[in-house]
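Visitor: Could you look at this predicted model? Sequence included:
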Amino acid sequence: MTQFQFVMVLLSIIIGLGVTDLLSNISRQIKLRSTITFSWLQSTLVLFVFVALLQQWWETWGLQSIDHWNFGTMLLMLSGPVGLYIASHMLFPHEIEDTDLEDHYFENARAFWLIAAAVVVASTLFRPIGFGMPLIDPDNAPSLFMFFACLGMAFIKNRLVHKLAVPIIFFSILLDIFVFNANI
């Protein structure tokens, strides 16, 4: 087993936990649909986190040629998926019955978006710090937009702004995936 394979096992477990959490909560939401108030905003963010988790796993494959890993680099690599797992968990209330999912989102929006901003920073700096890869790289350009978008969303309380910005942010992550990282 190579060092990459060894590290990839733990990364896959954490990403799997995030995906499992999302899917379990979606299932709960469907089962209890008559007792909750649906929110397209919250559902879009569920898709956003799901795609971001898959993107983290997908992009990591590009590191298979790196021979030497250390504990610090592994921690940096795992910080993005750990943050996304936490974000995935925040999208659903503990008790979902009789819940307005949009209100739940706005009650947790600041923490959610600050975690998202931290994930962007960790995911962007991981390769330059861990492996000496260039920080100024076309692949990292969308990260600057994402970081400021996440910070803005953390501090803007206006519901209309959130409803307008979330689809744009989601579209930008899809654009990043399909323009910069569609192939491994």
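Guide: In hand now; what should we look at?

Visitor: Student question: in the protein, what's the helix or strand with minimum average pLDDT?
Guide: Least confident helix or strand of the chain, by mean pLDDT, DSSP states H and E, is helix 159-180 with a mean of 90.

Visitor: Can I get it in CSV, CA atoms only?
Guide: Presented in CSV, the C-alpha positions along helix 159-180 are these (Å, rounded to 0.1, in the frame of the first residue of the first chain):
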residue,chain,number,x,y,z
ARG,A,159,-33.1,36.8,3.1
LEU,A,160,-33.5,38.1,-0.5
VAL,A,161,-29.7,38.4,-0.9
HIS,A,162,-29.3,34.8,0.2
LYS,A,163,-32.0,33.6,-2.2
LEU,A,164,-30.3,35.4,-5.0
ALA,A,165,-26.7,34.5,-4.1
VAL,A,166,-27.0,30.8,-3.2
PRO,A,167,-27.8,29.7,-6.8
ILE,A,168,-25.0,31.9,-8.2
ILE,A,169,-22.5,30.4,-5.7
PHE,A,170,-23.8,26.9,-6.5
PHE,A,171,-23.4,27.5,-10.2
SER,A,172,-19.9,28.8,-9.7
ILE,A,173,-18.8,25.6,-7.9
LEU,A,174,-20.3,23.6,-10.8
LEU,A,175,-18.4,25.8,-13.3
ASP,A,176,-15.2,25.3,-11.3
ILE,A,177,-15.6,21.5,-11.4
PHE,A,178,-16.5,21.3,-15.1
VAL,A,179,-14.0,23.9,-16.4
PHE,A,180,-11.0,23.2,-14.2
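
Visitor: Remind me what that helix packs against, helices and strands.
Guide: Secondary-structure packing of helix 159-180 (3 or more C-beta pairs under 8 Å, 6 or more residues apart in numbering; DSSP states H and E): helix 40-60, helix 101-131, helix 141-155. C-betas here are computed from N, CA, C, even on glycine.

Visitor: Which of those helices sits closest to residue 174?
Guide: Of all those, helix 40-60 sits nearest to residue 174, with 6.9 Å by C-beta to C-beta.

Visitor: And that closest one, what's buried?
Guide: 41-42, 44-46, 48-50, 52-53, 55-60 (16 or more other C-beta atoms under 10 Å).

Visitor: next one: that helix to chain centre, how far?
Guide: Its chain's average C-alpha position is 5 Å from that of helix 40-60, according to C-alpha atoms, centre = their mean, to the nearest Å.

Visitor: do the same with stretch 173-182
Guide: 14 Å.

Visitor: Identify all contacting residues around that stretch.
Guide: When contacts are defined by C-beta atoms under 8 Å, 6 or more residues apart in numbering, stretch 173-182 is touched by residues 48, 51-52, 55, 58-59, 138-139, 142, 146.
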